[in-house]
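Engineer: Just a sequence and a predicted model for now, questions to come.
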Protein chains: 2
Amino acid sequence: MTSTLGFAILAVLARGDRTGYDLAAAMRRPVGYFWTAGHSQIHAELQKLRAAGLVGFEAEHGPGPQGRKVYHLTAEGMRALREWVTEPPRERPERDELVLKTYASWLAEPELVRRMFADQLAAHEARLAEYERHEASFDGPPAFGDPRFGNYATLRCGLSYERHRADWCRWMLAQLSESL
Amino acid sequence: MTSTLGFAILAVLARGDRTGYDLAAAMRRPVGYFWTAGHSQIHAELQKLRAAGLVGFEAEHGPGPQGRKVYHLTAEGMRALREWVTEPPRERPERDELVLKTYASWLAEPELVRRMFADQLAAHEARLAEYERHEASFDGPPAFGDPRFGNYATLRCGLSYERHRADWCRWMLAQLSESL
DNA sequence: GCAGACTATGTCAGAACTGACATAGTTCTA
DNA sequence: TAGAACTATGTCAGTTCTGACATAGTCTGC
């Protein structure tokens, strides 16, 4: 039973061989907007994936106390990944601290709530600008079957999410300005 | 150091006294779209909150092996909650299985991907319809300071989120129909 | 009066995740 | 040439979360 993190690793390796360090860099906040994980989790998971025969590695002399290990997908790993991709995603519970705070916001000073949402809005607008720059580097959607299709489609999701979130923050600020 | 779950419990108790069972019902998928938790987690957290003096309870004779316990916020619990509400939320890592699958979707058969997104779209549309019914039961946004403001504001977030998500699913389906 | 659904509290094992700690080769630059 | 920054692998303790298991009173309908 491979965890979702395991499939995230397989999905990155499907694009090319990587060290654990490279995987960690690809899945670090905020770069990896599809899945994030710390390097300690990744090294542990790579050992499990290897035990399950889904990945292998080439050891090389290099930095680190155990040298360098370049991981690659095995044929079985690719098969497992392909199978998993179109299985219905198990839904993760929604756990959003800002929404929770909003649920309890009637208890707080409006001015402090306003400041919190102004900060959030600024963060979303900054991320949106960054995603838009990223989108501009594409020449429209790549064809399905091209690995870059995955990058573009997730970027579209991120763009849409940031816009939704920024809109909601603006709505909250409008509500608050009516109450002040 | 109270966890976010602890504050979620405090936020629900701020609206009225509840048993652990009631809290679990309020925070169960998909009802609790602000925070979800299983009852096993809630009972454990209530014991921590009690040890920290943030909640108290009245024991009653009733069902269950230990009778019935109606929990309430203490003055200290209310203070802690108020303080927490406007502190900047610590951001949780984005971990979205559908987005991850999308990232790897270039490996899959387009028809299977299409089916997955069609199912997702249907689920989002159903939830959207439910939220819209819920919204119609409000007579516009309640005033800030009214506990129902929290309900309405989180509902607006949920509405906006479902629309964003449904839009993205439709975009994916459009991309896929061009590739078939 | 009994079965079944609902109310109700709790434990426990295991998985997933976080952040700190430990170690060490390589590359760049002042 | 020394030190800093970067590359690189790994462990570990502690927290959070999930799902299963255990127990028992109350209410409804047949």
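Structural biologist: Cool, got the structure.

Engineer: is whichever strand or helix holds A:Gly77 up against DNA strand C anywhere?
Structural biologist: Using DSSP states H and E, A:Gly77 sits within helix A:75-85. No. Helix A:75-85 lies out of reach of DNA strand C by C-beta under 7 Å from any atom of the strand, never closer than 13.0 Å. All C-beta atoms are positioned from the backbone trio N, CA, C, and that covers glycine.

Engineer: Export that helix to PDB, keeping only CA atoms.
Structural biologist: Output of helix A:75-85 as PDB, limited to C-alpha atoms (Å, rounded to 0.1, in the frame of the first residue of the first chain):
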ATOM      1  CA  ALA A  75       8.900  -0.800 -14.900                       C
ATOM      2  CA  GLU A  76       6.800  -1.900 -11.900                       C
ATOM      3  CA  GLY A  77       6.900   1.600 -10.500                       C
ATOM      4  CA  MET A  78       5.700   3.100 -13.800                       C
ATOM      5  CA  ARG A  79       2.900   0.500 -14.000                       C
ATOM      6  CA  ALA A  80       1.800   1.300 -10.400                       C
ATOM      7  CA  LEU A  81       1.800   5.000 -11.200                       C
ATOM      8  CA  ARG A  82      -0.200   4.700 -14.400                       C
ATOM      9  CA  GLU A  83      -2.800   2.600 -12.600                       C
ATOM     10  CA  TRP A  84      -3.100   5.100  -9.700                       C
ATOM     11  CA  VAL A  85      -3.400   8.200 -11.800                       C
END
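
Engineer: From the contact counts, what lies against it?
Structural biologist: Packing contacts for helix A:75-85, counted by 3 or more C-beta pairs under 8 Å, 6 or more residues apart in numbering or on different chains; DSSP states H and E, involve helix A:4-13.

Engineer: and the helix it packs on, how far from the chain's centre?
Structural biologist: What separates the centre of helix A:4-13 from the centre of its chain is 12 Å, taken as C-alpha atoms, centre = their mean, to the nearest Å.

Engineer: can you list contacts of it?
Structural biologist: A:2, A:18, A:23, A:26-27, A:34-35, A:37, A:41-42, A:45-46, A:48-49, A:54-55, A:71-73, A:77-78, A:80-81, A:84, A:150, B:95, B:97, B:100, B:103-104 (C-beta atoms under 8 Å, 6 or more residues apart in numbering or on different chains).

Engineer: doesn't A:Ala24 make contact with A:His39?
Structural biologist: Yes. If you go by C-beta atoms under 8 Å, A:His39 and A:Ala24 touch, sitting 3.7 Å apart.

Engineer: and the helix holding A:Gly77 with helix A:4-13, angle?
Structural biologist: With axes from the mean of the first three to the mean of the last three C-alpha atoms, to 10 degrees applied, the angle from helix A:75-85 to helix A:4-13 works out at 110 degrees.

Engineer: Could you give me the buried positions within helix A:75-85?
Structural biologist: Buried residues in helix A:75-85, counted by 16 or more other C-beta atoms under 10 Å in any protein chain shown: A:77, A:80-82, A:84-85.

Engineer: again with stretch A:48-67
Structural biologist: In stretch A:48-67, counting by 16+ other C-beta under 10 Å, buried: A:48-50, A:54-57.

Engineer: same deal with stretch A:7-20?
Structural biologist: Quick answer for stretch A:7-20 (16+ other C-beta under 10 Å): A:7-15, A:18-20.

Engineer: At which residues are the helices of chain A located?
Structural biologist: A:4-13, A:20-26, A:39-51, A:75-85, A:97-103, A:110-136, A:147-179 (DSSP state H).

Engineer: Looking at these, which is nearest to B:Asp146?
Structural biologist: Closest to B:Asp146 of those, according to C-beta to C-beta: helix A:147-179, at 10.2 Å.

Engineer: Would you tell me whether that closest one gets close to chain B?
Structural biologist: Yes. Using C-beta under 8 Å from any C-beta of the partner chain, helix A:147-179 comes into contact with chain B via A:147-151, A:153-154, A:156-157, A:160-161, A:163-165, A:167-168, A:171-172, A:175-176, A:179.

Engineer: Quick check: which helices or strands does that helix pack against?
Structural biologist: Secondary elements touching helix A:147-179 (3+ C-beta pairs under 8 Å, 6+ apart): helix A:110-136, helix B:97-103, helix B:147-179.
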